[in-house]
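> below are the sequence and a predicted model for it; my questions follow.
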Amino acid sequence: MIIDSHQHFWNYNREEFDWINNDMTSIKKSFLPKDLKATLSGTGVEGVVSVQARQSLEETDWLLQLAAENEFIKGVVGWVPLSDKNIPEILSRSKNNNSLKGVRHVIQGEPDPQFILKKNFNNGISQLKKYGLIYDILIFGRQLPNTIRFVDQHPDQPFVLDHIAKPEIRLNEIKVWKKDIKELARRENVSCKLSGMVTEADFTIWTEDQLKPYFDVVLEAFGPGRLLFGSDWPVCLVATSYKSWLKLVKKWISKLSSLEQEQILGRNARLIYNL
């Protein structure tokens with residue numbers, strides 16, 4: 001079974017989705033389960049993990065409702081106010097829904113470079129394990145050093161790194177990111193999603209040869225046992241189709257053993273997110 005560990009739904013409006021800029025006009029519309037279900041036809045993808053696109057409890061509740069209504073949505077990575085002093089109570093209420101598998105905060109959008117190290121935020125992170133929740137790390141490559149310090153505060157908390165930490169692929173910059181990603185990968189409680197790579201390259205002129213060195217780095221760093229296939233649909237559509245991205249990931253991993261390919265394409269997601 002192939003599991004897509006990273007995709008989004010939204011009812012588009014310009015105010016809440018202002019990060020969708022003029023270079024991304026093709027996704028300035030709503031994307032709902034019926035749209036994804038049609039997209040998945042013929043791909044062999046049987047389940048997905050739906051990830052928050054807005055930082056609100058309303059968004060989390062909406063995704064959980066979609067999961068209840070659509071069997072192929074196997075889990076949700078939502079948002080909760082991790083810095084709130086009442087976070088234990090909030091998590092206790094949220095975890096009443098078995099579809100909630102993890103939470104995420106948009107660290108990449110925080111203007112304070114020290115946000116990920118703030119005491120209140122880390123107090124919230126320290127509560128997640130007791131509720132069986134994963135934390136998805138959304139950062140840019142330049143934020144890796146502080147992220148390593150952050151992860152080291154929580155050695156027993158499972159983490160999943162989104163989009164291979166968004167290196168500057170469009171500039172072909174790899175040296176510093178490679179050093180930092182290999183250091184982060186030494187923490188065995190961190191896994192990594194093979195997602196979001198095409199949109200860190202130039203949308204229109206990226207090539208397989210340009211992306212492959214970044215894939216090779218994370219494969220060496222994390223190994224097949226800690227990599228997860230993710231589409232980042234519908235964001236990926238500004239640069240590639242769903243089927244094309246899946247085909248490319250399958251090509252990259254084709255030299256691995258059957259078991260290792262199964263791990264990356266679904267087994268790891270099922271285990272890590274307890275699907």
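On my side now, so go ahead. Not measured: the values here are computed from a predicted model. Numbering: from 1, shown residues only.
> let me see the ranges of the helices in the stretch 151-275 of the chain.
175-185, 208-222, 242-253, 258-262, 268-272 (DSSP state H, counting those that start in this stretch).
> out of these, nearest to residue 135?
helix 268-272 (11.4 Å; Cβ to Cβ). Heads up, the C-betas are built off the backbone N, CA and C, glycines and all.
> which residues does the closest one contact?
The contact list for helix 268-272 (Cβ atoms under 8 Å, 6 or more residues apart in numbering) reads 1, 3, 5, 49, 74, 134, 158, 160, 191, 225-229, 275.
> go again using 6 Å as the cut-off
3, 5, 191, 228 (Cβ atoms under 6 Å, 6 or more residues apart in numbering).
> buried residues in it?
Across helix 268-272, burial judged by 16 or more other Cβ atoms under 10 Å covers 268, 269, 270, 272.
> and stretch 194-205, by the same measure?
194, 195, 196, 197, 198, 199, 200, 201, 203.
> one more: stretch 104-122?
Buried, per 16+ other Cβ under 10 Å, within stretch 104-122: 104, 105, 107, 108, 115, 116, 121.
> which stretches of this structure form strands?
Here the chain has its strands, by DSSP state E, at 2-7, 45-51, 73-78, 100-105, 134-137, 159-161, 190-194, 227-229.
> helices or strands up against the last one?
So the one you mean is strand 227-229. Using 3 or more Cβ pairs under 6 Å, 6 or more residues apart in numbering; DSSP states H and E, the elements in contact with strand 227-229 are strand 190-194.
> and the strand it packs on, which strands flank it?
Strand 190-194 pairs in its sheet with strand 159-161 (parallel), strand 227-229 (parallel), by DSSP bridges.
> thinking again about what came up before, possible to save the buried residues of stretch 194-205 as a markdown table with distance to residue 152?
Formatted as a markdown table, the buried residues of stretch 194-205 follow (distance: Cβ to Cβ, whole Å):
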| residue | distance to residue 152 |
| --- | --- |
| 194 | 24 |
| 195 | 24 |
| 196 | 24 |
| 197 | 26 |
| 198 | 31 |
| 199 | 29 |
| 200 | 26 |
| 201 | 30 |
| 203 | 35 |
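> biggest separation within the contacts of helix 268-272, which pair?
Farthest-apart pair in the contacts of helix 268-272 is 3 and 191; separation 13.1 Å (Cβ to Cβ).
> about what we covered before: got a markdown table for the buried residues of helix 268-272, with pLDDT too?
Output for the buried residues of helix 268-272, formatted as a markdown table (pLDDT from 0 to 100):
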| residue | pLDDT |
| --- | --- |
| 268 | 98 |
| 269 | 98 |
| 270 | 98 |
| 272 | 98 |
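> follow-up on the earlier one: okay if I get the strands of the chain as CSV plus mean pLDDT and distance to residue 209?
Formatted as CSV, the strands of the chain follow (pLDDT from 0 to 100; distance: least, Cβ to Cβ, whole Å):
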stretch, mean pLDDT, distance to residue 209
strand 2-7, 98, 24
strand 45-51, 98, 26
strand 73-78, 98, 31
strand 100-105, 98, 31
strand 134-137, 98, 28
strand 159-161, 98, 24
strand 190-194, 98, 17
strand 227-229, 98, 20
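> which residue packs closest to residue 187, ignoring adjacent ones?
residue 151 (5.2 Å; Cβ to Cβ, 6 or more residues apart in numbering).
> what about the one you found, neighbour count?
Residue 151 has 21 neighbours, counted by other Cβ atoms under 10 Å.
> pretty sure it contacts residue 188?
No. Assessed by Cβ atoms under 6 Å, residue 151 is found out of contact with residue 188, at 10.6 Å.
> quick revisit: looking at the buried residues of helix 268-272, spot the one nearest residue 24.
Among the buried residues of helix 268-272, and counting by Cβ to Cβ, the member closest to residue 24 is residue 269, at 26.2 Å.
> tell me how far that closest one lies from residue 104.
15 Å (Cβ to Cβ, to the nearest Å).
> circling back: to residue 213, which of the strands paired with strand 190-194 lies closest?
strand 227-229 (15.5 Å).
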